[in-house]
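Visitor: Let's see this in three dimensions:
(4 chains)
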There are 2 protein chains.
Amino acid sequence: MEKRVTIQDVANRAGVSITTVSRYVNGRYESMSAKTRERIRAVIEELGYRPNALAQGLKASRTKSIAAVVVNMSYPFCVGFLRSLSLILTRSGYHLIVSETGGDADIERDVVQSLLAQRVEAMVLQTGGENGDLLAAIAEQMPVVLVDRAFAVAGAHTIATNNREASREMALHLFDRGYRHVIYVTEDEAGIPTRIERLQGYEDACAAREVAATVVHVNRQDVGSMERAAGVVSELAQAAKGEPIAVYTANGLIMMPLYRLLRQLPLAVPSVFGMATFDEPDWAQLVDPTLTCVRQPVEEMGAEAGRLLLKRVHGKPASDGRAEVARIVLPSHIVPGGSTK
Amino acid sequence: MEKRVTIQDVANRAGVSITTVSRYVNGRYESMSAKTRERIRAVIEELGYRPNALAQGLKASRTKSIAAVVVNMSYPFCVGFLRSLSLILTRSGYHLIVSETGGDADIERDVVQSLLAQRVEAMVLQTGGENGDLLAAIAEQMPVVLVDRAFAVAGAHTIATNNREASREMALHLFDRGYRHVIYVTEDEAGIPTRIERLQGYEDACAAREVAATVVHVNRQDVGSMERAAGVVSELAQAAKGEPIAVYTANGLIMMPLYRLLRQLPLAVPSVFGMATFDEPDWAQLVDPTLTCVRQPVEEMGAEAGRLLLKRVHGKPASDGRAEVARIVLPSHIVPGGSTK
DNA sequence: TTGAAAGCGCTAACAG
DNA sequence: CTGTTAGCGCTTTCAA
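Guide: Next up, the predicted model:
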């Protein structure tokens, strides 16, 4: 492990002071003779010098890194979101630190504290909502963006999709296609805005059509709950006596394990049985018939988060010391598939 | 943006020197009176002090962060790998910085340099192979792990799967199921070991069965190439005059767009037409019939990378200054599905 | 156009 | 048991 070359080494070799090298590194060429400038350039090249970002940051607490805290980075939403966020940040020389909470409030707190100690310059979180006070306190120190789940946290920006409206539209779409009953399958709301809003949207649609809402709660970890959900669907199908019914899941992760169980039922898709989900799983176009779904603008959300953070991190804080807090809502759209017709 | 509390603040408030506080923070309680210790604990709690990781790291160049450089973080391999890597690292208080190269050698170089300046303590890369010299140089300064693509880089560890053997097995599996021709669809090898090895495995199997190899090259970005591939399959099926044939793709990302095209052919799956792929896409179990595939131990690779890096980062370098370089191969396994029978 | 010097927040000898 | 002191590598006044 060789010793790393420092600004001092460059200064010595070039026969100038470290101040001058520092100036060169920071592009302040105007106060420097062309000769000195060229000399330093050559030495830096020769020695392969790269400034220690740590030392640079120590003074201004600028680490050129931004953290993303998500429930599970393998969730399709997170994958797309993180990727586009990462792309934007990289373009501005920022690094993305990714952390997982698994949805656990204690872990979330620890992770956030640790990130704070690491002096990240900003944070974007898919939070569970339990650490609101902590996040509000952090929002006073650095830009904080809450994504996907639009909890109300003082000082934090939010980026989400129009869950309620899009969910309502999907349910209406199903009713309009002639499905007399739409069974909504979701996870326990657990106070999570996204889930609550999607459920509300479904209920809005039921109310609009004066149809009774049928909500089935499942637990993704629990296969039994999925089987029970399929059982409920089966019973309702029988009770419907041939009238078309549909299943609409609150997200793609629920539909995944449920899909096979539903297809095993003796119900013809889409004629007497419709299927749809919020989210657009990558397999939606591979199954036969293709799956009707709600596409979230995942990439746009990531890009928007990146832009927002960079603007806040770069820019001087607003004159009154408190910048505008953005609440961005990016609309989702229905992608009709063969599973509803 | 309030001023952050420093070790000095704590020292002042507690009426001790910063050294003592530093000792407390680093858990060296033995050299400290119980009274002092309690006093400091109280003040830290009161002020909500958290040591500045930047300043801590400046001295020892320990940033508690490790970087992962991948081609595309949304690739299924990367998603699973990064997640399990992240989990391991977090458990040891390390942060994971994720960067993308898009497979571009220049970007890879820039990203790596930038990470170097950031003083990450180690790197794991899914490299394109063009920056071997740079990586070898870095491997002299910090632990470097090459994952997925087992390029030979001096001083770097590698973690990969047994691509050639697993690919051979899959091809043999297909021949054994009675498919007389197995068409292998892959991307341009581009010098990437993973691709070369999988192709070799297929060729090994063809040689063993004394069957001519049929390799079709496609470009994932190019729909036309996929259609041409499907065309080749169609022609071969006709030439086979009812004899069963199969398609075997080099990875799941190729199979995804190809799948629909192949299913549109008038060929019965699996009786006269078999389908299989390297990788296990999450939709493999959702389509009907389920898709036969090769499951890579993605999570294990991530966990192994994490363990390896942490061991090397923590441990003192070996006495001779050059630690053992690990070449880890984790085996893949065939997951039989209904698409071959 | 340049450099000396004072830190940024923390750790680690070395003395008491 | 505790404090003094000297940096880690770099930026930034303030003078020259």
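Visitor: For A:V329, what is the enclosing helix or strand?
Guide: In the assignment (DSSP states H and E), A:V329 maps to strand A:327-330.
Visitor: distance between that strand and the chain's centre?
Guide: Using Cα atoms, centre = their mean, to the nearest Å, the distance from the centre of strand A:327-330 to the centre of the chain it belongs to is 13 Å.
Visitor: Check whether the host helix or strand of A:L134 comes near chain B.
Guide: Per DSSP H and E, A:L134 falls inside helix A:132-139. No - Helix A:132-139 stays out of contact with chain B when judged by Cβ under 8 Å from any Cβ of the partner chain, the minimum separation being 8.6 Å. Backbone N, C-alpha and C define where each C-beta goes, glycine included.
Visitor: sorry, back to before: what mean pLDDT would you report for the strand holding A:V329?
Guide: Across strand A:327-330, the average pLDDT comes to 97.
Visitor: which helices and strands does that strand pack with?
Guide: strand A:157-161, helix A:298-314 (3 or more Cβ pairs under 8 Å, 6 or more residues apart in numbering or on different chains; DSSP states H and E).
Visitor: Contacts only, for A:P257.
Guide: By Cβ atoms under 8 Å, 6 or more residues apart in numbering or on different chains, A:P257 lies in contact with A:R220, A:V223, A:M226.
Visitor: pretty sure the first one contacts A:I254?
Guide: Going back to what we said before, that points to A:R220. Yes - between A:R220 and A:I254 a contact is recorded at 6.2 Å, counting by Cβ atoms under 8 Å.
Visitor: what angle do the worst-scoring helix or strand of chain A on mean pLDDT and helix B:53-60 make?
Guide: Sorting the helices and strands of chain A by mean pLDDT, DSSP states H and E puts helix A:53-60 at the bottom, at a mean of 90. For helix A:53-60 against helix B:53-60, the angle by axes from the mean of the first three to the mean of the last three Cα atoms, to 10 degrees is 130 degrees.
Visitor: Quick check: buried residues in helix A:53-60?
Guide: Neighbour counts over helix A:53-60 (16 or more other Cβ atoms under 10 Å in any protein chain shown) mark A:A53, A:L54, A:A55, A:Q56, A:G57, A:L58 as buried.
Visitor: Which residue would be the closest one in the stretch 201-341 of chain A to chain B?
Guide: Of all residues in the stretch 201-341 of chain A, A:W283 sits closest to chain B, at 3.3 Å by Cβ to the nearest Cβ.
Visitor: Name the residues of chain A found near DNA strand D, please.
Guide: Counting by Cβ under 7 Å from any atom of the strand, the positions of chain A adjacent to DNA strand D are A:4, A:6-8, A:18-19, A:22-23, A:25-26, A:51-52, A:55-56, A:58-60.
Visitor: switch to 6 Å and redo it
Guide: A:6-7, A:18-19, A:22, A:25-26, A:51-52, A:55-56, A:58-59 (Cβ under 6 Å from any atom of the strand).
Visitor: what separates A:N12 from A:S86, distance-wise?
Guide: 38 Å (Cβ to Cβ, to the nearest Å).
Visitor: Tell me which of those two has more neighbours.
Guide: A:S86 (24 against 14; other Cβ atoms under 10 Å in any protein chain shown).
Visitor: what sits against that one?
Guide: A:S86 neighbours (Cβ under 8 Å, 6+ apart): A:L96, A:G302, B:M73, B:V98, B:S99, B:E100.
Visitor: so what are the domain limits for chain A?
Guide: A:7-60, A:65-161+A:299-331, A:163-296 (the TED database).
Visitor: Run the chain-centre distance for the last one.
Guide: The chain centroid and the centroid of domain A:163-296 are separated by 23 Å, computed with Cα atoms, centre = their mean.
Visitor: Averaged pLDDT, it. What do you get?
Guide: pLDDT averaged over domain A:163-296 gives 97.
Visitor: for stretch A:75-95, same thing?
Guide: Averaging pLDDT along stretch A:75-95 gives 97.
Visitor: Buried residues of that stretch, list them for me.
Guide: Under the neighbour-count criterion of 16+ other Cβ under 10 Å, stretch A:75-95 has A:75-90, A:94-95 buried.
Visitor: Hmm, A:M255 and A:P281 touching each other?
Guide: Yes - the pair A:P281 / A:M255 is scored as a contact, 6.8 Å apart, by Cβ under 8 Å.
Visitor: ok, those two, which is more surrounded?
Guide: A:M255 (25 against 21).
Visitor: Just the endpoints, please. Distance across stretch A:37-56?
Guide: Using Cα to Cα, to the nearest Å, one end of stretch A:37-56 lies 21 Å from the other.
Visitor: which outside residues touch that stretch?
Guide: Residues outside stretch A:37-56 that contact it (Cβ under 8 Å, 6+ apart): A:4-7, A:9-10, A:13-16, A:20-21, A:24-25, A:29, A:62-64, B:54, B:57-58, B:61, B:63, B:113, B:116-119.
Visitor: Filter the residues you listed down to the buried ones, PyMOL style.
Guide: Provided next is the PyMOL selection string for whichever of the contacts of stretch A:37-56 are buried by 16+ other Cβ under 10 Å:
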select buried, (chain A and resi 5+6+7+9+10+13+14+16+20+21+24+25+63+64) or (chain B and resi 54+57+58+63+116+117+118+119)
